[in-house]
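**Q** Dropping a prediction and its sequence here:
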Amino acid sequence: MTLLSFWLLYTIIPPIIDWAIINSVWTAGSRKECWDQMPTPGAGACWAFIENRIGLFTYGFYPEPLRWRVNLSFVLFVLAAIPVLTDKLPFRKYGLMYSAAFPFLVGWLLVGGWGLEPVDTDQFGGIMLTLVIGVTGITFSLPIGIALALGRQSKMPVLRMLCVLFIEFIRGVPLITLLFVASTMLNYFLPPGTVFDLLLRVLIMVTLFASAYMAEIVRGGLQAIEKGQHEAGDSLGLSYWQAQRLIVLPQALKIAIPNIVNAFIGLYKDTTLVLIIGLLDILGLGDSSLADLDWAGLANELYLFVALFFFTCCFSMSRYSLYLEKKLHTGH
Amino acid sequence: MRTLAKIALTAIAVGAMAFTATAGTLEDVQARGELRCVVSTGIAGFAYPDDSGTWKGFDIDFCRATAAAVLGDASKIKTVSSTGKTRFTKLNSGEGDVLWRNTTITFSRDVGVKLTFVGVNYYDGQGFMVKKSLGVKSAKELDGASVCIQTGTTTELNLADYFRTNNMNYEAVVIEKNSEARAAYLSGRCDVYTTDASGLAATRSTFPDPSGHMILPEIVSKEPLGPATRQGDDQWADIVRWIYNATVTAEELGVTSANVDSMKSANNPEILRMLGVEGSQGEELGLSKDWAYQVIKQIGNYGEIFERNIGPNTAIGLERGLNDLWTRGGLQYSPPFR
């Protein structure tokens, strides 16, 4: 078995290294120029394609002089993530307040208005669009999902019915259907001429979709908590919300962490579905770029690049989830 | 209760206002100061983003020509990227003003989808590409071949029709995207790749050895590609139709972006009428007097648009063929400016 795997590795790896590194070309103006520098056309990877278009792939059609706003947003995103992800931080309370304000701050920064030059959301594209959809879905789906999960277990029948209806309806349809509804059907329902931003519609749909799944994951965590814990809260004289916040939810969420992160990773990758309704995320923009005959035919290079991008994001998410599990493993 | 009625009435009034505001696409576009074209997410030669993210191509140039005529400035366009599945809803729901998207005119799209097609700016047709080493000279010899084909397009149906009429069998290798089809064809998963002839030429030009492949002489379908507008706005449809006609007429009369200024003093009355020196055709369309001048000056005539994007000197390298002027044996023919 070991020998077989070594043999497999031996036959597979050298050609890949030849293609991706030894014969690859990093600077060229077009595919032809790339191929002229190789022993035979296509013998190596033409990374010049990615290099020439990295700006386009990162920022989409965002106006070049305003790209600092995207960069700043990214820095703010990292800064907002720190207080959420780590707990041993001085002034963490203020950090968290900033994190809560972050989505709105960045929304303003990216779209503009109120003193900033406005940028239409159809200029968004590439990695930036992927991050906008992914991060929005992730940040909003967790609180909405928790609320839905609590609502589903509520003793108030109307609230419970509504939550069940919402969750089951959204879970019953594929994301792609919701995206189609967002991109086409909504326009027919609204009076003609009303402009309701396509990206906003997509963000809402993605968030609703993710929330329904999140609700079920959190419910799984909630049901793992013994009844005694609720009763302990009651006997201490805590109100419903206090009991949930201090006793039940911390334990339930801890149990649910692997599943929550799993859902986040799934959602993040699902964002590529938006290319079907004409939003050009990193994958969509890459496909469009292949229509430029200067570069057409370099699909392997493109898809490897996109794969690497998604792998980096998803792998770090799953690593963080492992770290969190270890840290919270206070049990028995 | 009365407040509720008031709110309902206001909602209806606002709705009605929004409705009347879209009665004329021309007024909408002029008020907005920007033309929204429904274009594709990327078709070689017809619409694609260049390294700096600017959209280019045959369809994009016609979109810019429309903006030049309507707004006087070819750069005032916004591209609404759409896939084959969403293109008609994007137009019909008002997200775009006009469709310049490599779209085949068919009965069901004209009548069923409720579009108004205003002309054919590119005559295409479905062809077959094979490796030269196969020794095939005609599509009639393809019995038993495996054929790479994209799903959900008219090409799929045309292929079935063609093989059935000629009593031949084929094995379909169904594929989603052009880049995938290219890889499948090159790796030998299929013997034949079929799609529109323009697409075949574009794909072949990206092969490591383009000369090792040939496009068979048979064209098995008619694919007239043209712009569309929403049904029911005749003025707007007229405008798009005559913008396209202006590019064809300009080529026929020898008016180019380079000589359009001197042509303003030509002694051919049709040129003078078209360029707005004489008569009032611009005003009758609802545009400025020099609308056609702006189109030719900023974008060029049909021949220039063709040469720049898909002509023999570009990477895609298409011959004029059917798309030559009628005076040279092609099908591009514009009614007179009279």
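**A** Ah, there it is. Numbering: from 1, shown residues only, chains lettered A, B, ... in the order given.

**Q** so who does residue 49 touch?
**A** I went with chain A, as the question did not name one. For A:Phe49, the set of contacting residues under the criterion of Cβ atoms under 8 Å, 6 or more residues apart in numbering or on different chains consists of A:Arg31, A:Cys34, A:Ser289, A:Trp295, A:Leu298, A:Glu301, A:Leu302. For the C-beta atoms, the positions are set from N, CA and C on the backbone; glycine is no exception.

**Q** Correction: the question concerned chain B.
**A** Residues in contact with B:Pro49 (Cβ under 8 Å, 6+ apart) are A:Leu56, A:Phe61, A:Leu285, A:Ser288, A:Ser289, A:Asp292, B:Gly42, B:Trp55, B:Lys56.

**Q** Count residues in the vicinity of the residue lying closest to the last one once chain neighbours are set aside, would you?
**A** Pointing back at B:Lys56 there. Nearest non-adjacent residue to B:Lys56, counting by Cβ to Cβ, 6 or more residues apart in numbering or on different chains: B:Asp50, 5.4 Å away. Burial of B:Asp50, expressed as a neighbour count using other Cβ atoms under 10 Å in any protein chain shown, amounts to 16.

**Q** C-terminal to the lowest-mean-pLDDT helix or strand in chain B, what's the next element?
**A** Within chain B, confidence by mean pLDDT, DSSP states H and E is lowest for helix B:2-21 among all helices and strands, at a mean of 46. With elements assigned by DSSP states H and E, the helix or strand that comes after helix B:2-21 is helix B:25-32.

**Q** helices and strands around that next one, which ones?
**A** Contacts of helix B:25-32 with other secondary structure elements, assessed using 3 or more Cβ pairs under 8 Å, 6 or more residues apart in numbering or on different chains; DSSP states H and E, are made with helix B:58-71, helix B:234-252.

**Q** With only the CA atoms kept, save the shortest one in PDB.
**A** This file holds the C-alpha atoms of helix B:58-71, laid out as PDB (Å, rounded to 0.1, in the frame of the first residue of the first chain):
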ATOM      1  CA  PHE B  58     -18.700  43.700 -30.900                       C
ATOM      2  CA  ASP B  59     -21.800  43.900 -28.700                       C
ATOM      3  CA  ILE B  60     -20.200  46.500 -26.400                       C
ATOM      4  CA  ASP B  61     -19.400  48.700 -29.400                       C
ATOM      5  CA  PHE B  62     -23.000  48.700 -30.500                       C
ATOM      6  CA  CYS B  63     -24.000  49.500 -26.900                       C
ATOM      7  CA  ARG B  64     -21.700  52.400 -27.000                       C
ATOM      8  CA  ALA B  65     -23.000  53.500 -30.300                       C
ATOM      9  CA  THR B  66     -26.500  53.500 -28.800                       C
ATOM     10  CA  ALA B  67     -25.300  55.700 -26.000                       C
ATOM     11  CA  ALA B  68     -23.500  58.000 -28.500                       C
ATOM     12  CA  ALA B  69     -26.800  58.500 -30.400                       C
ATOM     13  CA  VAL B  70     -29.100  58.900 -27.400                       C
ATOM     14  CA  LEU B  71     -26.800  60.700 -24.900                       C
END
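
**Q** Could you check the angle that helix makes with helix B:234-252?
**A** If you take axes from the mean of the first three to the mean of the last three Cα atoms, to 10 degrees, helix B:58-71 sits at 110 degrees to helix B:234-252.

**Q** packing partners for helix B:58-71?
**A** Under the contact definition 3+ Cβ pairs under 8 Å, 6+ apart, helix B:58-71 sits against helix B:25-32, strand B:35-40, strand B:77-82, helix B:234-252, helix B:291-298, helix B:302-309.

**Q** Report the mean confidence score over it.
**A** The predicted model assigns helix B:58-71 a mean pLDDT of 97.

**Q** How many residues are close by residue 180?
**A** No chain was given, so I picked chain A. By the other Cβ under 10 Å criterion, the neighbourhood of A:Phe180 contains 19 residues.

**Q** That was the other one, I meant chain B.
**A** Taking other Cβ under 10 Å as the criterion, the count of residues near B:Glu180 is 13.

**Q** cool, and A:His329?
**A** The burial metric for A:His329, expressed as a neighbour count using other Cβ under 10 Å, is 9.

**Q** List the contacts of B:Trp291.
**A** Taking Cβ under 8 Å, 6+ apart as the definition, contacts of B:Trp291 comprise B:Ala68, B:Ala69, B:Val70, B:Ile243, B:Ala246, B:Gly276, B:Gly282, B:Leu285.

**Q** nearest to chain A, of the residues you listed?
**A** For chain A, the nearest member of the contacts of B:Trp291 is B:Val70. The distance, counting by Cβ to the nearest Cβ, is 18.2 Å.

**Q** if you skip the residues just before and after it, what's nearest to the closest one?
**A** Once its chain neighbours are removed from consideration, B:Val70 has its nearest residue in B:Val29; the separation is 5.6 Å (Cβ to Cβ, 6+ apart).

**Q** how far away is the one you found from chain A?
**A** According to Cβ to the nearest Cβ, to the nearest Å, B:Val29 and chain A sit 13 Å apart.

**Q** and that residue, what pLDDT?
**A** B:Val29 carries a pLDDT score of 95 in this model.

**Q** Let me see the contact set for it.
**A** Contacts of B:Val29 were listed using Cβ under 8 Å, 6+ apart, and they are B:Leu35, B:Arg36, B:Val70, B:Leu71, B:Asp97.
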